[in-house]
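Fold the following, please.
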Amino acid sequence: MKRILFFGIILILSSCKEKVSTEDLTLLNGYWEIEQVNLPNGDTKAYSVNTTVDYIQIKDHSGFRKKVYPQLDGTYDTSNDSEHFELIEKPEGYEFHYKTELSEWTEKLNSLQADSFSVTNTDNITYTYKRFQPINVQK
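Okay, here's the model as predicted:
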């Protein structure tokens, strides 16, 4: 009986997960840093310091992600490389569809809030991002 109750509670909690809306997608715009990575074997890797940050820009279900390097004066260095994507709406939520000259891949958007989001790739690796807060050490 306890087992049935336990699985019932898990089912209810998982069905309460709020689906990302089209209006929420603009929350992706901005600078993000990886907070943690969850591997398929259950291991978790936490990132307390990041030397690179992802800049994401989206408009009308398409956009790009670019690696940038925060500087101590509050500016960013970057290369001209970027990964373009399309956000495709599926019944279970949104997916990022990336295509570059070298590769093509998909990531499922699991959650999205103003200060965090997470995605899972096809290797079942989940990346959790937090909004980047720049540090300016100028006088």
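
all strands of the chain, in order?
30-38, 44-46, 53-59, 62-70, 76-78, 83-90, 93-99, 104-113, 116-121, 126-131 (DSSP state E).

Nearest to residue 22, out of those strands?
strand 83-90 (7.5 Å; CB to CB). Any C-beta I mention is one placed from the backbone N, CA and C, and that applies to glycine too.

how much does the closest one deviate in direction from strand 62-70?
Per axes from the mean of the first three to the mean of the last three CA atoms, to 10 degrees, the angle that strand 83-90 makes with strand 62-70 is 130 degrees.

name the helices or strands packed onto strand 83-90?
Applying 3 or more CB pairs under 8 Å, 6 or more residues apart in numbering; DSSP states H and E, one finds that strand 83-90 contacts strand 62-70, strand 93-99.

any chance of these in TSV, with mean pLDDT and mean neighbour count too?
TSV is the format used below for the helices and strands packed on strand 83-90 (pLDDT from 0 to 100; neighbours: other CB atoms under 10 Å):
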stretch	mean pLDDT	mean neighbour count
strand 62-70	95	16
strand 93-99	96	17
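
Serialize those to JSON lines and add fields for distance to residue 113.
Below are those laid out as JSON lines (distance: least, CB to CB, whole Å):
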{"stretch": "strand 62-70", "distance to residue 113": "18"}
{"stretch": "strand 93-99", "distance to residue 113": "14"}
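
mind checking which of those strands is nearest residue 134?
Among these, strand 62-70 sits nearest to residue 134 (CB to CB), with 5.8 Å.

And that closest one, how far out from the chain middle?
12 Å (CA atoms, centre = their mean, to the nearest Å).

what pLDDT does residue 43 get?
The model reports residue 43 with a pLDDT of 97.
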